[in-house]
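Colleague: I'd like to go over a predicted model; first the sequence, then the structure.
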Amino acid sequence: MRKLQLLILLTFVTSEIIAQQENYTVKKLKITILSTMLSDWGIGEWGFSALVEADSVRILFDAGSRERTVLENSKELGIDLSSVPTLVLSHNHQDHTGGWLPLRNAVKAKNPSALSLTHAGRGLFDTRISSRGEENSYRKKDSLLYTEAGGHVKVHDNFIEIHPGVFLTGPVPRPYPEKNYTIGGNIRKKKDAMGNIVDDIVPEDMSLVVRTENGLVLLAGCGHSGLINTISHIQNNLQQQPVIAAIGGFHLLENTDEQIKWTAEHLKKVGLSYFMGAHCTGIEPVYQIRELLDLKRGESIVGSVGATFELEKGFTAGPLSK
Ligand SMILES: [Zn+2]
Ligand SMILES: [Zn+2]
């Protein structure tokens, strides 16, 4: 009888622990920008990368464009990437993936497991068609070299928790008519699974989300799925919790004032109180969103290399962008 009582108690306790873990909230969060156009420290470039430190977990999100940007900027900021095991690539574009292999090669001599696991959305390694009509399989070739040298690539189809309280959206459904993926008005092309040439809507585009006690924090690379599509997908997967901060590239640079207004209305509804528009967000949209959301100076800023977001402090940025 005692044994049975003990078993029931143990089952109860174990399921309690699992239930707690299921709703785990990250207590300590710091996001540091390592590549974007504006720089208060280090090198600015057309690209994106950020380091996520969530409790004891460290993840590099995107790898910048040029081979050495993220490496040099990390050094300048006193960040040691050889102790970061995991990397997330938001999508295939060169300005987010150019540093992928060079970074892994630079850190693996010091620590073989550094940047040895890469997460990607389904479609990232698809063949693309260049503006001259030539086939581009750069990322596929990179992934072969990466795995040959001991790296592992995980390709995602769905929303997933990769560490307690840290999620990847996987490819994002797009119910809203956001088309934040055109370059100079020309949609790029890609080959589909059947080998047909189709418009490249960057189907693999995925973002990272951190669940904190204050709400959800979103980190995006280029936002090609659309900021509101992404937020809606996140909330559908995480019990409609408020999204308190959006950080990264959101590709609003080609949006009209009307589209920005529409975006801001949605951001208001989800409880957004911090906005850092880096990379392809565009500078004007950051200030429009600040005004439309009634945010203060310092709560909606243009992202710059070295700028950080922390749960207790909000944004800390250099003199150019604070
Ligand atoms: Zn980009
Ligand atoms: Zn892009």
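Modeller: Cool, the structure landed. Ligands and ions are numbered 1, 2, ... in the order given.

Colleague: Skipping its backbone neighbours, what lies nearest Pro242 in space?
Modeller: In this structure, Pro242 finds its nearest non-sequential neighbour in Gly271, 3.4 Å apart by Cβ to Cβ, 6 or more residues apart in numbering. To be clear about C-beta, it is placed using only N, CA and C from the backbone, and glycine gets the same treatment.

Colleague: for Arg174, same thing?
Modeller: Asn229 (4.7 Å).

Colleague: roughly how far apart are that neighbour and Ser207?
Modeller: 10 Å (Cβ to Cβ, to the nearest Å).

Colleague: got any residues that touch both of these two?
Modeller: Val172 (Cβ atoms under 8 Å, 6 or more residues apart in numbering).

Colleague: which stretches of this structure form helices?
Modeller: 2-22, 69-76, 94-97, 100-107, 138-148, 227-237, 257-269, 283-292 (DSSP state H).

Colleague: which other residues reach the shortest one?
Modeller: This means helix 94-97. So helix 94-97 is contacted by 45-49, 62-65, 89-90, 138-139, 142, 221-222, 279 (Cβ under 8 Å, 6+ apart).

Colleague: Is that helix positioned near ligand 1?
Modeller: Yes: Helix 94-97 lies within reach of ligand 1 by Cβ under 5 Å from the ion, at Asp95.

Colleague: So which bits of that helix are buried?
Modeller: Within helix 94-97, the residues scored as buried using 16 or more other Cβ atoms under 10 Å are 95-97.

Colleague: Output the residues you listed as CSV; include the columns pLDDT and distance to ligand 2.
Modeller: Shown next, in CSV, are the buried residues of helix 94-97 (pLDDT from 0 to 100; distance: Cβ to the ion, whole Å):
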residue, pLDDT, distance to ligand 2
Asp95, 96, 6
His96, 98, 6
Thr97, 97, 10
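
Colleague: could I get these as a markdown table with distance to Ile129?
Modeller: Shown next, in a markdown table, are the buried residues of helix 94-97 (distance: Cβ to Cβ, whole Å):
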| residue | distance to Ile129 |
| --- | --- |
| Asp95 | 18 |
| His96 | 19 |
| Thr97 | 17 |
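
Colleague: from those residues, which is closest to ligand 1?
Modeller: Asp95 (4.3 Å; Cβ to the ion).

Colleague: Quick one: name the residues of the stretch 151-300 of the chain near ligand 2.
Modeller: Checking the stretch 151-300 of the chain against ligand 2 by Cβ under 5 Å from the ion, the hits are Cys222.

Colleague: Listing request: residues of the stretch 151-300 of the chain with sub-threshold pLDDT.
Modeller: Regions of the stretch 151-300 of the chain meeting the criterion pLDDT under 70 cover residues 183-186.

Colleague: Spell out which residues of it are next to ligand 1.
Modeller: 222, 280.

Colleague: again with the stretch 1-150 of the chain
Modeller: So far as Cβ under 5 Å from the ion goes, the stretch 1-150 of the chain lies against ligand 1 at Asp95.

Colleague: one step back: who has more neighbours, Asn229 and Ser207?
Modeller: Taking other Cβ atoms under 10 Å, Asn229 and Ser207 do not tie; Ser207 has more neighbours (30 against 22).

Colleague: Could you tell me which residues make contact with the residue nearest to Arg174?
Modeller: Asn229 neighbours (Cβ under 8 Å, 6+ apart): 172-176, 178.

Colleague: Surely Pro85 and His119 touch.
Modeller: No: contact criterion Cβ atoms under 8 Å: Pro85 and His119 do not qualify, at 11.5 Å.

Colleague: where exactly do the strands run in the stretch 151-300 of the chain?
Modeller: Secondary structure of the stretch 151-300 of the chain (DSSP state E, counting those that start in this stretch): strands at 152-156, 160-163, 166-168, 189-191, 197-199, 208-212, 215-220, 243-249, 274-278, 300-302.
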